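Q: could you look at this predicted model? Sequence included:
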Amino acid sequence: MLKIVKYPAAILKKRAKEVQEITPELLDLLKKMESAMEKNKGVGLAAPQINVSKQIFLIKDNRKNQAFLNPKIEKLSKKQEIDEEGCLSLPGLFLPIKRAESIRLSCNAKDGKPLLIEASGLAARIFQHEIDHLYGKLIIDRITPIAKWKIKKELAEIKKTGRVKAK
């Protein structure tokens with residue numbers, strides 16, 4: 001079983017490497033990532049969160065989990081929304097994060113085929129969150145320094161115990 005990497009692990013701050021080819025090992029990794037996401041009740045999981053520096057993430061969708069490789073955001077809507085987000089690498093922490101309401105992204109499916117995806121609402125938010133992971137960005141990097149200062153106890157608790165205690 002893959003373990004979720006928690007803040008402040010160094011890999012969470014690094015840009016992930018592009019996937020060069022689809023191999024049996026990569027497909028096996030995707031299955032393991034799927035199990036880890038399910039076990040941890042996530043709606044998305046990026047490879048850096050399981051200590052793998054590859055531009056891969058999964059998203060849980062109504063029908064099935066989907067894998068996306070080497071994503072690039074092509075367009076962000078000007079309209080933005082603020083909503084609460086959590087992260088498997090920052091367990092127990094939920095923060096209001098401003099994101100584009102809709103996005104267009106290009107990527108590859110797990111069979112290597114190119115995809116162009118348009119998403120809005122919650123799906124757009126999840127895509128942006130997971131892509132942030134591939135660029136070494138966490139939700140705590142999207143808040144103001146004052147907001148970050150206000151959650152310093154929670155961050156210290158994640159560092160020490162691996163999660164924020166429920167209130």
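A: All right, it came through fine. The structure presented is a predicted model; accordingly, all values stated were derived computationally and were not measured.
Q: from K110, how far out is the nearest residue to M37 once chain neighbours are set aside?
A: Among residues not flanking M37 along the chain, L45 sits closest, at 4.1 Å (CB to CB, 6 or more residues apart in numbering). For glycine as for every other residue, the C-beta is placed from the backbone atoms N, C-alpha and C. Distance, L45 to K110, using CB to CB, to the nearest Å: 14 Å.
Q: these two: which is more packed in?
A: A direct count of neighbours by other CB atoms under 10 Å for L45 and K110 places L45 higher, at 27 against 16.
Q: that one against A36, yeah?
A: Yes: L45 is within contact range of A36, at 6.3 Å (criterion: CB atoms under 8 Å).
Q: shared neighbours of those two, which are they?
A: By CB atoms under 8 Å, 6 or more residues apart in numbering, L45 and A36 have these common neighbours: I4.
Q: quick check: mean pLDDT of the strand or helix carrying L155?
A: Per DSSP states H and E, L155 falls inside helix 152-161. Per-residue pLDDT over helix 152-161 has a mean of 96.
Q: what comes up buried for stretch 133-140?
A: 133-134, 136-140 (16 or more other CB atoms under 10 Å).
Q: narrow those residues to those in helices?
A: Residues of these located in helices (DSSP state H): 133-134.
Q: can you redo the buried residues of stretch 133-140 as TSV with distance to F57 and pLDDT?
A: Shown next, in TSV, are those (distance: CB to CB, whole Å; pLDDT from 0 to 100):
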residue	distance to F57	pLDDT
H133	7	98
L134	7	98
G136	14	98
K137	13	98
L138	14	98
I139	15	98
I140	19	98
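Q: can you flag which of the buried residues of stretch 133-140 belong to strands?
A: Residues from the buried residues of stretch 133-140 lying in strands, with DSSP state E as the criterion: none.
Q: quick check: the farthest pair among the buried residues of stretch 133-140?
A: Between any two of the buried residues of stretch 133-140, the greatest separation by CB to CB is 16.5 Å, found for L134 and I140.
Q: quick one: H129 and R99, what's the gap?
A: H129 sits 8 Å away from R99, going by CB to CB.
Q: before we move on, what about P91?
A: Distance of P91 to R99, given as CB to CB: 21 Å.
Q: what segments of the chain are strands?
A: Using DSSP E, strands in the chain cover 44-46, 56-60, 65-76, 80-85, 95-100, 102-108, 114-120.
Q: the closest residue to K17 other than its chain neighbours - how many residues pack around it?
A: Spatially, and ignoring its direct neighbours in sequence, K17 is nearest to S53 (5.2 Å; CB to CB, 6+ apart). Neighbour count of S53, defined by other CB under 10 Å: 14.
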